[in-house]
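A.B. asks: Fold the following, please.
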Amino acid sequence: MGLFDFFKKNKSEKEEKLDKSLEKTKSNLFTRISKAVLGKSKIDDDVLDELEESLLLSDVGVDTTVKIINNLRERVARDKYTSISELEDLLRDEIAALMIQNTATFELENVKTPYVMMVVGVNGVGKTTTIGKLAWQFKQAGNQVVLGAADTFRAAAVDQLRIWSQRVDVPLIEKGMGVDPAAVAFEAVRYAVENNADVVIIDTAGRLHNKKNLMNELAKIRRSIAKTIPDAPHEVLLVLDASTGQNAIMQAEEFINFTEVTALALTKLDGTAKGGVVVGISDRFKIPVKYIGIGEGMEDLQIFDPQNFVETLFKKKSITTE
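C.D. replies: Below you'll find the predicted structure:
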């Protein structure tokens, strides 16, 4: 079984779980859109203005909302769309077009093992839980996994990762609180190489006492990893909490300025009506959303499929003008 194959198992079950997890987001979005077109018979500027407000209130984000509405205006004018009944299809097409431009790749032919993941994100977004679920799923795919506890500025972070390593039954490289995080990362990667591991997942500090320190620390960790594997880390995964809406976008902006983020994971989609933030984040940063968290179970961290996400978002819902 390949490195990521386990994530792709039981597709129908995962699609059903995704559908349920997006219920609050779908209800939020379509309730707002239905109000926007209430009593209207054709697509006009007033309808598009109302739709713009609906998307903004659904946490899609300003820049992405403006882009969607401008594209809709052009299509309506060019192709003479007038019926309100066509608006849902037009909106779905525009969102899908934005999402599929930023699709994560899982092709690893050119990456020599161990595959090194460096995980970043502020405290409280579900970073450690995401690491634990990733470790479990990689192990279920038949991979040997090593965890590195490089968030040494918060005692609870090391303790939480230790619990996950025991739960998943994978090795944890730790040196306790207050030690050099880069030294932990170095030891974790070296251990993985010496023991022929397939995957190394390095936890990092969510926040230091100022931004400059955080930026310097992340850069130092990257350099320490590269001492053993020159082209590593192969992935820098930023974990964000979808339930925080626009705050997630601001957090993404900060971390992307600090380090070279290559992929995103959005947690807690199952408990929020702010799932529209996935659209805004994917479009704004042009960095693929690779994983989504849609529940507490081990298998509830899923590979993100943009097309499936959009289809599920619009599934069994319709804009009503009654």
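
A.B. asks: does Ile95 really touch Val279, like I thought?
C.D. replies: Yes: here Ile95 lies in contact with Val279, judged by C-beta atoms under 8 Å, at a distance of 5.8 Å. Using the backbone N, CA and C atoms, a C-beta is placed for each residue, glycine as well.

A.B. asks: So between those two, which is more surrounded?
C.D. replies: More neighbours surround Val279 than the other of Ile95 and Val279, with 28 against 24 (other C-beta atoms under 10 Å).

A.B. asks: Let me see the ranges of the strands in the stretch 1-150 of the chain.
C.D. replies: Per DSSP state E, counting those that start in this stretch, the stretch 1-150 of the chain carries strands over the ranges 115-120, 145-149.

A.B. asks: out of those, which comes closest to Leu214?
C.D. replies: strand 115-120 (9.1 Å; C-beta to C-beta).

A.B. asks: strands paired with that closest one, and their directions?
C.D. replies: Applying DSSP bridges, strand 115-120 is found paired with strand 199-203 (parallel), strand 235-241 (parallel).

A.B. asks: Just give me the neighbour total for Lys24.
C.D. replies: Neighbours of Lys24 using other C-beta under 10 Å come to 17.

A.B. asks: so it sits right up against Gly271, yeah?
C.D. replies: Yes: between Lys24 and Gly271 there is a contact at 7.4 Å, judged by C-beta under 8 Å.

A.B. asks: What residues does the residue lying closest to Thr25 once chain neighbours are set aside make contact with?
C.D. replies: Spatial nearest neighbour of Thr25, excluding adjacent residues (C-beta to C-beta, 6 or more residues apart in numbering): Gly275 at 3.2 Å. Taking C-beta atoms under 8 Å, 6 or more residues apart in numbering as the criterion, Gly275 is in contact with 22, 24-25, 59, 242, 269, 313.

A.B. asks: I'd assumed Leu266 was in a helix, is it?
C.D. replies: No: using DSSP: H, G, I helix; E, B strand; the rest coil, the secondary structure at Leu266 is strand, not a helix.

A.B. asks: who's it bridged to?
C.D. replies: So, taking DSSP bridges as the rule, Leu266 has Leu240, Ile292 as bridge partners.

A.B. asks: Identify the residues contacting it.
C.D. replies: 240-242, 248, 277-278, 281, 289, 291-293, 304.

A.B. asks: Narrow those residues to those that are buried.
C.D. replies: Among the contacts of Leu266, those scoring as buried are 240-242, 248, 277-278, 281, 289, 291-293, 304 (criterion: 16 or more other C-beta atoms under 10 Å).

A.B. asks: For Glu194, give its distance to Val116.
C.D. replies: As judged by C-beta to C-beta, to the nearest Å, Glu194 and Val116 stand 14 Å apart.

A.B. asks: Looking at the two, which one has more neighbours?
C.D. replies: Val116 (29 against 9).

A.B. asks: if I look at the more buried one, how far off is Gln307?
C.D. replies: Separation of Val116 from Gln307 (C-beta to C-beta): 29 Å.

A.B. asks: Quick one: mean pLDDT for the stretch of helix or strand Val193 belongs to?
C.D. replies: Here Val193 sits within helix 181-194, counting by DSSP states H and E. In this model, helix 181-194 has a mean pLDDT of 96.

A.B. asks: All the helices of the chain, in order from the start?
C.D. replies: For the chain, the helices defined by DSSP state H occupy 11-21, 23-37, 45-57, 62-79, 87-99, 127-140, 155-168, 181-194, 211-226, 246-258, 277-285, 306-313.

A.B. asks: which other residues reach the fourth one?
C.D. replies: Counting contacts by C-beta under 8 Å, 6+ apart, the residues outside helix 62-79 that touch it are 43, 48, 51-52, 55-56, 60, 81-82, 90-91, 94-95, 97-98, 279-280, 283-284.

A.B. asks: from these, which would you call buried?
C.D. replies: In these, the ones that pass as buried (16+ other C-beta under 10 Å) are 43, 48, 51-52, 55-56, 60, 81, 90-91, 94-95, 98, 279-280, 283-284.
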